[in-house]
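1. My questions concern the predicted model and sequence given below.
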Amino acid sequence: MNIRLEKPQDYREVEHLTREAFWNVYRPGCTEHYVLNQYRANPDFIPELDFVMERRVGDGTSGMENGLIIGHVMFSKAEIMLDDGTPFPSWTFGPISIRPEYKRKGYGLKLLKYALEKAREMGIGLLQMEGNIEFYKHAGFDLASKMKIHYHAESRESEVPYFLAQELIPGYWGDREGTYCPPKGYFVADENPEAFEAYEATFAQKEKTLQPGQLPQFCQSCGMPLTKNEDCGTNADGSTNFDYCQYCYKDGKFLQDCTMDEMIEHCAQFVDEVNKKMPKPMTKEEYKQLMRGFFPMLKRWSK
C-alpha cells in the first residue's frame, strides 16, 4: 500500500473514484466529485495535503490492481468567526473517498491518520468538519460544541452530532468561542448548477435514488420532506427531479405561479398535518413565521 501526493494525471481517476464513493450516500447522486474538480484551482486548496492511496506492485495483489488508486483526501484553509467578530484561521478536509469495494477494511482510517500527521507537521493547529462521530472518533475527533465551536446552520445551544473538531496542536484554539461556516468552495455545485450538470454529463449515467440513511431532503419550493422517489417531481423528459415534490413540479415546470409569500400562505393550511410530527403543536401564525425563516434558503426562493 502506498500513500502519495496526487498528480495531474490522477485527476480524472480520482474524480471518478470520488463519484463512486459518494453516489446516493448522502443525497440522490452526489456533487463531491465536482467540488474536488473545482477546488484544485481554489486558493484555499492545500496541494501539500492532497493525497491518494494506491495498491502497488509487489504487495500481493493481482496484476490488474497494481497501481490502482483506492483512496483520496484533500484539505482546505478555513476560518472560524470569533464572537468578537475576528476571523480565526483554521482548516478542514474532505471529501475523503475510498473505492466502494475497499470500504470498511481500515483503508480510510489509515489514509486519514497519515494525512493528519502530515497536517500537524505543517503547523496546522485546528480542524473541523462534518462527519460521522462513530468513524472519526478513531482519528481523534470529537463534537465541536465541546470546544465552543458552533455550526453556522444550527443554534449555538445545539450539540450538533455531525459537526466535529480536533486540535492538532495543543493550545492552538485555547478558550476561544466562535462559529464555523464551511468554505464557499464546497457549495460550488449549488451556486453553478448548469456547470455542474455539464460536468456530470461527462461521466457514465448512474441512477439517482432516495434511500434510508441519507441526509434529510426537502422540496426546494414548499419544504415538504422527500422520503421516497414517488414524492418527487418530474423533469421535462419524465425523469425524476429530486429538488422538488410532485405537488410543486411536473414535466419540467412549476405547477404554481406564485411568490414565496403566497407559497407560505398556501402551506400554512396544512399546519395540522405538520403538528402530528411535532413535539409541540404550532399555531398557524407560528408556522408561517417558521417558514419565513426557512423558505429563503430553498433553491426556488434563494435566487
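-> Ah, there it is.
2. Run through the stretch 51-200 of the chain and note the low-pLDDT ranges.
-> 57-66 (pLDDT under 70).
3. Which stretches in it count as strands?
-> 51-54, 69-82, 87-98, 126-130, 142-143, 149-151, 163-167, 178-180 (DSSP state E, counting those that start in this stretch).
4. Reformat those into a markdown table and put distance to residue 222 and mean neighbour count next to each item.
-> All C-beta atoms are positioned from the backbone trio N, CA, C, and that covers glycine. Shown next, in a markdown table, are these (distance: least, C-beta to C-beta, whole Å; neighbours: other C-beta atoms under 10 Å):
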| stretch | distance to residue 222 | mean neighbour count |
| --- | --- | --- |
| strand 51-54 | 42 | 21 |
| strand 69-82 | 32 | 21 |
| strand 87-98 | 30 | 20 |
| strand 126-130 | 26 | 22 |
| strand 142-143 | 33 | 15 |
| strand 149-151 | 25 | 22 |
| strand 163-167 | 28 | 21 |
| strand 178-180 | 29 | 20 |
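5. which one of the ones you listed lies closest to residue 21?
-> strand 87-98 (3.9 Å; C-beta to C-beta).
6. still on that earlier bit, for residue 6, which of the strands of the stretch 51-200 of the chain is the nearest?
-> Among the strands of the stretch 51-200 of the chain, strand 51-54 sits nearest to residue 6 (C-beta to C-beta), with 5.0 Å.
7. Only C-alpha atoms, please: export the closest one in PDB.
-> The C-alpha trace of strand 51-54 is given here as PDB (Å, rounded to 0.1, in the frame of the first residue of the first chain):
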ATOM      1  CA  PHE A  51      -3.200  12.600  -1.000                       C
ATOM      2  CA  VAL A  52      -4.000   9.400  -2.900                       C
ATOM      3  CA  MET A  53      -3.800   5.800  -1.600                       C
ATOM      4  CA  GLU A  54      -2.900   3.100  -4.200                       C
END
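8. and that strand, how far from the chain's centre?
-> Strand 51-54 sits 21 Å away from the centroid of its parent chain (C-alpha atoms, centre = their mean, to the nearest Å).
9. what about the longest helix in the protein?
-> helix 107-121 (DSSP state H).
10. related to what we said a few turns ago, which among the strands of the stretch 51-200 of the chain is found nearest to residue 281?
-> strand 149-151 (27.6 Å).
11. what about stretch 130-141, start to end distance?
-> With C-alpha to C-alpha, to the nearest Å as the measure, stretch 130-141 spans 11 Å from end to end.
12. So for that stretch, what gets flagged as buried?
-> Residues 130, 131, 136, 139, 141 are the ones in stretch 130-141 that count as buried (16 or more other C-beta atoms under 10 Å).
13. Run through who's touching that stretch.
-> 94, 108-109, 112-113, 116, 127, 129, 142-143, 161-166, 182 (C-beta atoms under 8 Å, 6 or more residues apart in numbering).
14. cool, stretch 237-251 as well?
-> With C-beta under 8 Å, 6+ apart as the criterion, stretch 237-251 contacts 27-29, 208, 210, 217, 219-222, 224, 226, 229-236, 252, 254-256, 299-300.
15. Just the endpoints, please. Distance across stretch 243-261?
-> The first-to-last residue distance of stretch 243-261 comes to 20 Å (C-alpha to C-alpha).
16. Next: stretch 197-216.
-> Stretch 197-216: ends 22 Å apart by C-alpha to C-alpha.
17. quick one: contacts of it?
-> Taking C-beta under 8 Å, 6+ apart as the rule, stretch 197-216 contacts 16, 19, 23-29, 33-34, 37, 217, 225-229, 231-232, 240, 242.
18. Now restrict these to buried residues only.
-> 16, 19, 23-24, 27-29, 33-34, 37, 217, 226, 231-232, 240, 242.
19. and which of the residues you listed is nearest to residue 270?
-> residue 231 (14.7 Å).
20. Verify the stated contact: the closest one with residue 222.
-> No. Counting by C-beta atoms under 8 Å, residue 222 is not a contact partner of residue 231; they are 11.4 Å apart.
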